[in-house]
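K.L.:
can't give you the sequence, but here's the structure:
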């Protein structure tokens with residue numbers, strides 16, 4: 001069965017660490033893992049930079065960057081929600097979902113660094129290097145009902161936010 005869309009989610013750096021009290025996902029292990037305060041402390045000690053909590057301006061920039069990238073690549077953006085500590089995107093494209101997420105993260109990182117004044121090569125190297133966690137979630141959507149549910153979740157189940165439903169443009 002061919003996917004009709006993907007629900008991509010990724011978190012900002014340092015805001016959802018292994019051992020987190022909300023539960024956490026471990027690569028290669030099924031399901032959500034139980035809180036583990038000791039593991040959480042270890043993860044905090046290993047952080048290379050402070051955690052990233054996006055401001056309203058940064059969230060707006062991330063949302064606009066994702067919209068622009070979808071338009072440039074001719075991907076259909078169904079829903080987008082840039083939160084302070086994570087991003088949700090529902091998108092259709094005949095492209096690998098991990099590669100789409102990596103492109104979004106890379107372009108958003110570049111724009112966030114520019115906004116932070118890290119435009120010159122030396123400043124980029126000296127400034128923040130991590131805006132996002134290494135991985136994220138890529139859920140495959142195979143039918144219209146699940147697409148509607150994913151859109152509703154992104155737009156309506158995240159609380160007050162910078163959210164947008166974009167009309168499909170193929």
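P.N.:
Nice, thanks for sending it over. Here the structure is a predicted model, which means the values were calculated and not measured.
K.L.:
low-confidence ranges, the chain, go.
P.N.:
Per-residue confidence of the chain (counting by pLDDT under 70) places the weak regions at 119-128, 159-170.
K.L.:
hey, where'd the helices end up in it?
P.N.:
Under the criterion DSSP state H, the chain carries helices at the ranges 37-46, 56-73, 97-115, 121-126, 144-156.
K.L.:
got a list of what residue 88 touches?
P.N.:
Applying CB atoms under 8 Å, 6 or more residues apart in numbering to residue 88 gives the contacts 7, 8, 9, 79, 80, 81, 153, 154, 158. In short, each C-beta sits where N, CA and C put it, glycine included.
K.L.:
again, but for residue 153
P.N.:
With CB under 8 Å, 6+ apart as the criterion, the residues that contact residue 153 are 7, 88.
K.L.:
switch the cut-off to 10 Å
P.N.:
The neighbours of residue 153, taking CB atoms under 10 Å, 6 or more residues apart in numbering as the test, are 7, 79, 81, 88, 90.
K.L.:
from residue 62, how far off is residue 56?
P.N.:
Plainly put, residue 56 is 11 Å away from residue 62 if you go by CB to CB, to the nearest Å.
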